[in-house]
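1. with the input below, show me the fold.
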Amino acid sequence: MRDFADFPADRVLFIHYPTSKIKRLLFRIYPAQLIRAVNHLMQNEQFDLIHTLTGELVLASCFTRLSKKIKILHTIHDAIHHDTKYLSVKQALKDLILVDYPNKYIIKHADNILTNSKSQLSYLHDLYPRKHCFYCPFPSLINPDIEHGSKQVPELIGVNNYILFFGNLQLYKGVHLLYDLHHDDARLNCYPLVIAGAGNIYFSRNQDEKNTFFVNRFIRDDEIRDLFINAAVVVYPYISATQTGVLSVASYFGKKMVLSNIPFFRDSGAGDYSGVKIADVSDADEFAADIINAITSEEGNTFEFYRKAYSKSSIKKQISEIYNEF
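-> Numbering: from 1, shown residues only. Presented below is the predicted three-dimensional model:
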């Protein structure tokens, strides 16, 4: 809630996400408290538009009913389901029921769609020519806790100048490509590799694992600053991605980046800035060389990319123009 400290207290209603597993499951199937709150606001306030900011899948159960009462601008995160390696049937069913089906349902029934990916915008235009589709750059993930975080990552005390991957561990993010490359290439494994983020380690780990550190848990916001300022380079070897905010974190701390050659990273414009390399992650020699060059280069502060790509005034202007369409 501290992230919203600047919001007028009389204009913001906070609904706390349940803490118990059963209540969280029920909330995701039918968020009764949220629905009551929205209905109450609509009865007592005058709205022109509801904007879902991050693709609120919990609204699937009431989306059609709600959209008959008021216009909704729905932000889509993933129009195409990501490549995923499930470790159990239970996990696959959970993803299908709580993520995939609600996402497809809302996309199908939404009249107005917003995406933060230019390539996804083209895909949506082709797939849904009658829908109103809009684009706005992905907003920054930086908040005060990240900006001023002072907590050290306990698993990495004494470790620095490392190659960093940060984010949830999923197949489409290509973490296995970076892990295997680091293990097999002597130029790289003299540098520590840090893989930080929650999720199932879906790939087989080498018995003779060299200089590798897994922080396999949720990384707190106040730990992120420490995680990034001690990195030599940040690597995102994604196999696919529709949109992601991870570039904002690395560039805010001015870190050099090596990014895979996928449409979202290319469309972001990051490759036009010093310190960012768009790499062919399918070519091991080239991929390794790009990481080494990033580590050893004396130039390449990427904050300029952050300043231009994640400007609040620019995003505010574009969002306002979209709202004016309604």
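2. can you name the residues that contact the residue nearest to the spatial centre of the chain?
-> When the chain is reduced to its mean C-alpha position, the closest residue under CA atoms, centre = their mean turns out to be Thr244, at 3.7 Å. Listed by CB atoms under 8 Å, 6 or more residues apart in numbering, the contact partners of Thr244 are Phe138, Gly167, Tyr238, Phe264. C-beta coordinates here come from the backbone N, C-alpha and C atoms, glycine included.
3. let's see that with 10 Å instead.
-> By CB atoms under 10 Å, 6 or more residues apart in numbering, the residues touching Thr244 are His77, Asn116, Ser117, Phe138, Leu141, Gly167, Lys173, Tyr236, Tyr238, Phe264, Phe265, Ser268.
4. could you measure from the fourth one over to Phe265?
-> Just to be clear, that refers to Phe138. With the distance defined as CB to CB, to the nearest Å, Phe138 ends up 12 Å from Phe265.
5. mutual contacts of these two, please.
-> Counting by CB under 10 Å, 6+ apart, the shared contacts of Phe138 and Phe265 are Thr244, Leu247.
6. that older thread, could you say which helix or strand contains the residue nearest to the centre of the chain?
-> In this structure, Thr244 sits in neither a helix nor a strand according to DSSP states H and E.
7. and it, how far is that from Asn168?
-> 10 Å.
8. same question for Glu223.
-> The span separating Glu223 from Asn168 equals 15 Å under the rule CB to CB.
9. neighbour count winner among the two?
-> Glu223 (22 against 12; other CB atoms under 10 Å).
10. what sits against the residue nearest to Gly245 when sequence neighbours are not counted?
-> Closest residue to Gly245 apart from its sequence neighbours, by CB to CB, 6 or more residues apart in numbering: Leu141 at 4.2 Å. Neighbour list for Leu141: Asp221, Ile224, Thr244, Gly245, Val246, Leu247, Ser248, Val249, Tyr252, Tyr310 [criterion: CB under 10 Å, 6+ apart].
11. compute the first-to-last residue distance for stretch 199-208.
-> Between the opening and closing residues of stretch 199-208 lies a distance of 22 Å (CA to CA, to the nearest Å).
12. what residues does it touch?
-> Stretch 199-208 is contacted from outside by 84-88, 91, 167-171, 173, 175-177, 179-180, 182-184, 195, 212, 214, 216-218, using CB under 10 Å, 6+ apart.
13. all the strands of the chain, residue numbers only.
-> Read by DSSP state E, the chain holds these strands, from start to end of the chain: 50-52, 72-75, 112-115, 132-135, 162-166, 193-196, 212-215, 231-236, 257-260, 276-279.
14. CSV for those, including mean pLDDT?
-> What follows is these, written out as CSV (pLDDT from 0 to 100):
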stretch, mean pLDDT
strand 50-52, 91
strand 72-75, 93
strand 112-115, 93
strand 132-135, 92
strand 162-166, 98
strand 193-196, 98
strand 212-215, 97
strand 231-236, 97
strand 257-260, 96
strand 276-279, 96
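15. output those in a markdown table; the columns should cover distance to Ile15 and mean neighbour count.
-> Shown next, in a markdown table, are the strands of the chain (distance: least, CB to CB, whole Å; neighbours: other CB atoms under 10 Å):
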| stretch | distance to Ile15 | mean neighbour count |
| --- | --- | --- |
| strand 50-52 | 14 | 17 |
| strand 72-75 | 18 | 20 |
| strand 112-115 | 22 | 22 |
| strand 132-135 | 26 | 18 |
| strand 162-166 | 29 | 23 |
| strand 193-196 | 30 | 23 |
| strand 212-215 | 31 | 17 |
| strand 231-236 | 33 | 25 |
| strand 257-260 | 36 | 25 |
| strand 276-279 | 38 | 22 |
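16. out of those strands, flag the one nearest Glu155.
-> Across these, Glu155 has its closest neighbour in strand 212-215 (4.9 Å, CB to CB).
17. mind saving the C-alpha coords of the closest one as CSV?
-> Coordinates of each C-alpha in strand 212-215 appear next as CSV, following Å, rounded to 0.1, in the frame of the first residue of the first chain:
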residue,chain,number,x,y,z
THR,A,212,26.3,-21.1,-9.6
PHE,A,213,23.9,-19.6,-7.1
PHE,A,214,20.2,-20.2,-7.0
VAL,A,215,18.0,-17.9,-5.0
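18. sweet, I'm off.
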